[in-house]
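Chemist: Provided below are the primary sequence and the corresponding predicted coordinates.
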Amino acid sequence: MTLPSNSSLGDHVEILSGFAFKSNLFSDAGNMPVIRIRDVKRGFSETFYNGEFDQKYVVKDGDLLIGMDGEFNREKWSSGPALLNQRVCKVVPSGNQLDASYLYHFLPMALKRIEDDTPFVTVKHLSVKKIQGIKIPLPPLSEQKRIAEILDRAESLRAKRRAALALLDELTQSIFLDMFGDPVSNPMGWKRVKFGDILENIDSGWSPKCLDRPVHNGEWGVLKLGAVTWCEYDPSENKALPPDVEHRPELEVRPGDLLFTRKNTYHLVAACALVRDTPPRLMLPDLVFRFRLANDAAIDSVFLQRLLVHPAKRRDIQKLAGGSSGSMPNISKARLQTVLIELPPLELQKTFAARVKGIEEIRESLRESTRSLDQLFASLQHRAFRGEL
């Protein structure tokens, strides 16, 4: 079928911009979570607001949200009542010409086009006016629902793959706890040593001014913070080094490296990722440390990474972060070297590493399946909004 001519989205939706809640009333506990930019995509908030608020800013499950800084993400909220903070907006279809699920599936492509066309110096910004000006094809409501139902079914398959990957993460953490116990309370009484005693060095990175695109055709590049942020190494998060800037081969990231984010928000700092595989010619950025273990250190890198990302252990390390008001907190090398590291017998650590390797093989198979599904879903979306379904 051929879709009708495009209509302006602003004629068919109501957009509510978030409120500038006072950050001095934010805390780590409370009754009302507040949805900030980072919370849109991940789907939950760990920040609470302890003040008065207007009920119109309360977001409910199923509400469609758009993050308006950085990456322009759209997601349905599903974590219970929460407050709509500034630079996040809620989009609600008005009238009877636009189906909510059809809109949900249409928005990613439209927002990506805006994001790609938006110039920026530091962070890209999206305006309500830009959202209102989006052109959307509007077939009859029955046809919108048919298209949305097809895409819903495809999205459900992708969600099952993601859920399976999440279960593997839980399995790894469960095996860790079963073998070693909680690292903070240390119920098994493992020997503890200062981190600095098992390190040969903590390497610092470098962040020259790079091109606004990833590397290609064997170029040198610098990793972005996002390559480590989620405690899984993601080499696609990089920027190409300009051809007139000399690369620094001593900073090239290699398989086996342990990378650690020294600076980020309080909730995201102290992420640690183990590099299992990586393309060549990607260098360590300034905001990320690389741990080099001493040759005689009785510790396995797989065990150490899982130890450092254990939620209780990571929270302890995050407490070391310092910084001036309004800046991202930073963890210094000196403070990191004082962290106490639990040392179970090396053979037990290696047994754990072998089990993790088996889980990683299953995970990679699932990831490949997920990538294929993602490609098929993108093709399906493209066809749907060109009238080819």
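Modeler: Noted; the coordinates are in hand.
Chemist: start to end distance for stretch 117-130?
Modeler: In stretch 117-130, first residue to last residue: 11 Å (C-alpha to C-alpha, to the nearest Å).
Chemist: the nearest residue to residue 208 once chain neighbours are set aside sits in which helix or strand?
Modeler: Among residues not flanking residue 208 along the chain, residue 245 sits closest, at 5.4 Å (C-beta to C-beta, 6 or more residues apart in numbering). In this view, the C-beta of every residue, glycine as well, is placed from N, C-alpha and C. Per DSSP states H and E, residue 245 falls between elements, in no helix or strand.
Chemist: quick check: the gap between residue 245 and residue 204.
Modeler: 18 Å (C-beta to C-beta, to the nearest Å).
Chemist: figure out the helix or strand that the residue most central in space within the chain lives in.
Modeler: For the chain, the residue nearest the mean C-alpha position is residue 230 (5.5 Å; C-alpha atoms, centre = their mean). Assigned by DSSP H and E, residue 230 belongs to neither a helix nor a strand.
Chemist: could you do residue 92 as well?
Modeler: Residue 92 is located in strand 88-93, with elements delineated by DSSP H and E.
Chemist: what's the answer for residue 157, then?
Modeler: helix 141-180.
Chemist: can you give the contact residues for the helix or strand just after that helix?
Modeler: Downstream of helix 141-180, the first helix or strand assigned by DSSP H and E is strand 191-194. Residues from elsewhere that reach strand 191-194, judged by C-beta atoms under 8 Å, 6 or more residues apart in numbering: 186, 337, 338, 339, 340, 341, 342, 343.
Chemist: so what strands line up beside strand 191-194?
Modeler: strand 340-343 (antiparallel) (DSSP bridges).
Chemist: pull out the buried positions in the partner strand.
Modeler: 341, 342, 343 (16 or more other C-beta atoms under 10 Å).
Chemist: so which other helices or strands are in contact with the helix or strand following it?
Modeler: Counting by DSSP H and E, the next helix or strand C-terminal to strand 340-343 is helix 346-384. With contacts taken as 3 or more C-beta pairs under 8 Å, 6 or more residues apart in numbering; DSSP states H and E, helix 346-384 sits against helix 100-117, helix 141-180, helix 301-309.
Chemist: repeat that for 6 Å
Modeler: In this structure, helix 346-384 packs against helix 141-180, helix 301-309, with contacts taken as 3 or more C-beta pairs under 6 Å, 6 or more residues apart in numbering; DSSP states H and E.
Chemist: of all those, which lies closest to residue 218?
Modeler: Residue 218 lies closest to helix 301-309 among the helices and strands packed on helix 346-384, at 27.7 Å (C-beta to C-beta).
Chemist: ok, and what's touching that closest one?
Modeler: Residues outside helix 301-309 that contact it (C-beta atoms under 6 Å, 6 or more residues apart in numbering) are 176, 183, 231, 258, 272, 274, 313, 349, 352, 353, 356.
Chemist: quick one: the second one from residue 269, how far?
Modeler: Residue 183 sits 18 Å away from residue 269, going by C-beta to C-beta.
Chemist: so what's residue 224 up against?
Modeler: residue 237.
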